[in-house]
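Chemist: pasted the sequence and its predicted model underneath.
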Amino acid sequence: MQLAHVQWESFIDFPGRVAAVVWTVGCNLRCPFCYNGELVLPRLAKALPEISPERILAQLKERAGFLDGFAITGGEPTLHQDLADFLAEVKGLGLAVKLDTNGTNPDVLAGLLERGLVDYVALDVKAPFPRYPEFTGVDRDVTGAVQESIALLRERAPDYELRTTAAPGLAEADIEVIAQAVRGVKRYVLQPFFVPQGKELIDPSWAARPHLDEETLRSLARRLSALVPCQVRA
Ligand code: SF4
């Protein structure tokens, strides 16, 4: 498993917990609005420092008394063959585990749920399913896999959320279509789009597209709450 960044203490990445956060390298999507190009594009990933899973585990052991959670994000963590074994070691330290995923690997997700290796899953719904190619940057149809992952979460996850970043070009009507499609899920989170300082989008031209602001999302979330428990996380 290639790990590139670690944040030892976060109060915002794992709801209700103080968590360490680790970023994996590699992704099977190419969302044009993604600002983690160095984790996604192999030509940029080459320049990243490599952090071994062993080093993370050793440091987690030292800090376990100050943490009660561990979040793994990316990139796309489920691409890594050794993810389950790594998370088993993390769980062995007494930490609850949160997985961030794009939902395209339902078989891996099913295995993690089966083994009780994840306590919370945040699954990104990038766009209304018919608009996935535009918002994921890949032509192959991943929507069946994403829907399978959503069904798995509904049936078997201890806790989870679906979330949509209000990416440039997503309109209120698009988010309403998503909310309709995921009716019945436990939690639907809307996130305003932003680009951290010094970061560039995978497709820089998307920065000029309009995007929904936080206030609009809050009013949208209130309306959508009739369909699905919906909140904004800014
Ligand atoms: S935003 Fe898209 S391209 Fe970027 S890491 Fe997430 S799934 Fe991969």
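Modeler: Cool, got the structure. Residues are numbered from 1 along each chain as shown.
Chemist: least confident secondary structure element in the protein?
Modeler: Of the helices and strands making up the chain, the lowest-confidence element is helix 42-45, at a mean of 90, by mean pLDDT, DSSP states H and E.
Chemist: just say helix, strand or coil for residue 162.
Modeler: When classified by DSSP: H, G, I helix; E, B strand; the rest coil, residue 162 comes out as strand.
Chemist: check residue 130 too.
Modeler: On the basis of three-state DSSP, residue 130 is classed as helix.
Chemist: tell me, how many residues neighbour it?
Modeler: Residue 130 has 10 neighbours, counted by other C-beta atoms under 10 Å. Where you see a C-beta, it was placed from the backbone N, CA and C, and this is true even at glycine.
Chemist: residue 229 and the ligand, how far apart?
Modeler: Distance from residue 229 to the ligand, counting by C-beta to the nearest ligand atom, to the nearest Å: 23 Å.
Chemist: strands of the chain, residue ranges please.
Modeler: 3-10, 19-24, 69-73, 96-101, 120-124, 160-165, 188-191, 230-232 (DSSP state E).
Chemist: out of the ones you listed, nearest to residue 149?
Modeler: Closest approach to residue 149 among these (C-beta to C-beta): strand 120-124, 6.0 Å.
Chemist: each with direction, which strands does that closest one pair with?
Modeler: The strands beside strand 120-124 in its sheet (DSSP bridges) come out as strand 96-101 (parallel), strand 160-165 (parallel).
Chemist: need the ones you listed in a markdown table with distance to residue 179, can you?
Modeler: Below are those laid out as a markdown table (distance: least, C-beta to C-beta, whole Å):
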| stretch | distance to residue 179 |
| --- | --- |
| strand 96-101 | 20 |
| strand 160-165 | 9 |
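Chemist: dump these to JSON lines, plus mean pLDDT, mean neighbour count and distance to the ligand.
Modeler: Listed next are those as JSON lines, based on pLDDT from 0 to 100; neighbours: other C-beta atoms under 10 Å; distance: least, C-beta to the nearest ligand atom, whole Å:
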{"stretch": "strand 96-101", "mean pLDDT": "98", "mean neighbour count": "23", "distance to the ligand": "8"}
{"stretch": "strand 160-165", "mean pLDDT": "98", "mean neighbour count": "22", "distance to the ligand": "8"}
